[in-house]
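> My questions concern the predicted model and sequence given below.
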Amino acid sequence: MRSNIYRSLKYGFKYKNFRKKVIKHYNNRCSVCGKTDEFMTVHHKIPLRDTKILYSLNNYNQIKKCKLLWKVDWHTLLCQNCHRLLEENDKNNPI
Ligand SMILES: [Zn+2]
């Protein structure tokens, strides 16, 4: 289930700039398969739903101020294929 808070993060202006920063940092390289010629997805190492609970984030302003969400180190780049596989894995192995 993707919440509204998730949507506001993904489509916010800050996120667009942040995405560019992460792509540049990792040279547009997928961290799993190493491809560089695919559309890349920015992946949170800590799932957003966990960050939300951990920092009690309830609205977009709080998200914007949460430093953890805007650190390049806390993100990886994944091509769409690897991202899909990872999400399927998550679903099959809930922690
Ligand atoms: Zn990949």
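Structure's in. What do you need?

> Compute the distance between residue 85 and residue 32, please.
Residue 85 sits 8 Å away from residue 32, taking Cβ to Cβ, to the nearest Å as the criterion. Every residue, glycine included, has its C-beta placed from N, CA and C.

> Am I right that residue 46 falls within a helix?
No: using DSSP: H, G, I helix; E, B strand; the rest coil, the secondary structure at residue 46 is coil, not a helix.

> which residues touch it?
Applying Cβ atoms under 8 Å, 6 or more residues apart in numbering, one finds that residue 46 lies in contact with 54, 68, 74.

> List only buried entries from those.
Neighbour counting by 16 or more other Cβ atoms under 10 Å classes none of the contacts of residue 46 as buried.

> So which residues of the chain form strands?
For the chain, the strands defined by DSSP state E occupy 40-44, 75-79.

> The last one pairs with which strands, parallel or anti?
Take DSSP bridges as the rule and strand 75-79 pairs in its sheet with strand 40-44 (antiparallel).

> Report the buried residues of the strand it pairs with.
Within strand 40-44, the residues that count as buried by 16+ other Cβ under 10 Å are 40, 41, 42, 43.

> Perfect, that will be all.
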